[in-house]
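Asker: Predicted coordinates and the sequence they were generated for:
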Amino acid sequence: MLRSTVGRTAVHTPRAVRTYASAPTPVQLAFEKQAPGNLTSSKAPLVVLHGLYGSKQNWRSLAKGMAAKLGREVYTLDLRNHGHSPHKRECSYEDLAADVNAFIEKEQKLDDCIVVGHSMGGKVAMALALGGCDALSRLVVVDIAPGVGKISPEFRAYLDAMKEIDDAKVMSRKEADTILQKTEPDLGVRQFLLTNLDRASPSDPYQFRLPLHFLSNAIDEIGHFPYAPGEKVFEKPSLFLKGSKSKYINSRNIPIIKQFFPDSQLETLDAGHWVHAEKPKEFVELLDRFCKE
């Protein structure tokens, strides 16, 4: 599976932070909703945010299991410039968080929810919590910390490979996979990236539904984080889930997590960066326990 979606923690460079009020008009996000059986639950629903190059599709199977086990509705979102959500040049974490805030409070009118974010989606979830979202009562962040770092080189290479596939106008996923093999030897990673391929009809070539030009321009922004330690605090309960084989939550940034999220707990599972995909049963059990506390 994908190895990482953001770079390692680095020194934060202060910059002006926009609020939701000053951010550009939020976009309406595509989403799927999983219900716990045929019942309507009165429990706080989960709102799930994917990582870079991901989509709600990657969470579909697990979201069904989460809804059944937790007895809660589960919303899986496509962040802007991903999945079936709108494409915009602006895609800072303030922009992404404003989109999610609008989805929660204006579109769905939720008065209580638990937000779960993996990697880049985890940074969006943290920015949402720190920027202020009244409905957000609990936060779950999967294998990422609130730090600044460079995007791993392979993620820039993936963009180049996807552009090459678009230019080749391939007529089969096998052709696309052959091109992608030159950049990424791991089958699981290639399969993940190729979930973004689509075409209008069987007679049309496959194209990536990701706006590659916007993502190329924003790749450095994705490694950023909008707040400096001590600037904002989210005092509600937070759960950070770390993969034992991943370095994205580490001894250097755990103290920073506590500065932003004083009421946080850290759990570790025997997994890499994709904790929820590698250990789905254990992941859902930890979620269930945290939600009941």
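Answerer: Perfect, thanks for sending it.

Asker: that's a strand at residue 95, yeah?
Answerer: No - using DSSP: H, G, I helix; E, B strand; the rest coil, the assignment for residue 95 is helix, not a strand.

Asker: Please give the number of neighbouring residues around it.
Answerer: Using other CB atoms under 10 Å, residue 95 has 25 other residues around it. Every residue, glycine included, has its C-beta placed from N, CA and C.

Asker: can you check residue 55 too?
Answerer: Around residue 55 there are 24 residues (other CB under 10 Å).

Asker: What of residue 217?
Answerer: Neighbours of residue 217 (other CB under 10 Å): 12.

Asker: And it, how far from residue 163?
Answerer: According to CB to CB, to the nearest Å, residue 217 stands 13 Å off from residue 163.

Asker: In this structure, what residue spans correspond to helices?
Answerer: For the chain, the helices defined by DSSP state H occupy 60-70, 93-102, 120-131, 153-168, 173-180, 187-194, 212-222, 254-260, 275-278, 280-292.

Asker: between the last one and helix 60-70, how many degrees?
Answerer: Orientation check (axes from the mean of the first three to the mean of the last three CA atoms, to 10 degrees): helix 280-292 against helix 60-70 gives 50 degrees.

Asker: Excluding chain neighbours, what is closest to the residue nearest the centre of the chain?
Answerer: Nearest to the mean C-alpha position of the chain, counting by CA atoms, centre = their mean, stands residue 121 at 2.1 Å. In space, and not counting its chain neighbours, residue 121 is closest to residue 49: 3.2 Å by CB to CB, 6 or more residues apart in numbering.

Asker: and what of residue 33?
Answerer: Closest to residue 33 by CB to CB, 6+ apart is residue 75, at 5.4 Å.

Asker: next one: residue 217
Answerer: Using CB to CB, 6+ apart, the nearest residue to residue 217 is residue 89, at 7.0 Å.

Asker: ok, now which ones touch residue 143?
Answerer: Residue 143 makes contact with 118, 119, 122, 241, 242, 243, 246, 248, 249, 273, 274, 275 under the criterion CB atoms under 8 Å, 6 or more residues apart in numbering.

Asker: what's the distance between it and residue 216?
Answerer: From residue 143 to residue 216 the distance is 25 Å (CB to CB).

Asker: Also residue 152?
Answerer: 15 Å.

Asker: about what we covered before: what's the closest of the contacts of residue 143 to residue 195?
Answerer: residue 274 (13.8 Å; CB to CB).

Asker: mind checking pLDDT for that closest one?
Answerer: pLDDT for residue 274: 90.

Asker: Ramachandran angles for it?
Answerer: With angles defined as degrees, to the nearest 10, residue 274 sits at phi -90, psi 70.

Asker: isn't it right up against residue 248?
Answerer: No - between residue 274 and residue 248 there is no contact under CB atoms under 8 Å: 11.3 Å.

Asker: List the contacts of the residue nearest to the centre of the chain.
Answerer: Applying CB under 8 Å, 6+ apart, the residues contacting residue 121 are 48, 49, 50, 51, 54, 79, 142.

Asker: Out of the residues you listed, the closest to residue 205 would be?
Answerer: Once CB to CB is applied, the member of the contacts of residue 121 that ends up nearest residue 205 is residue 54, at 23.2 Å.

Asker: how close does the closest one get to residue 277?
Answerer: Distance from residue 54 to residue 277, counting by CB to CB: 10 Å.

Asker: And the pLDDT for residue 14?
Answerer: At residue 14, the pLDDT recorded in the model is 41.

Asker: Give me the below-cutoff pLDDT ranges for the stretch 51-200 of the chain.
Answerer: Across the stretch 51-200 of the chain, nothing is flagged by pLDDT under 70.
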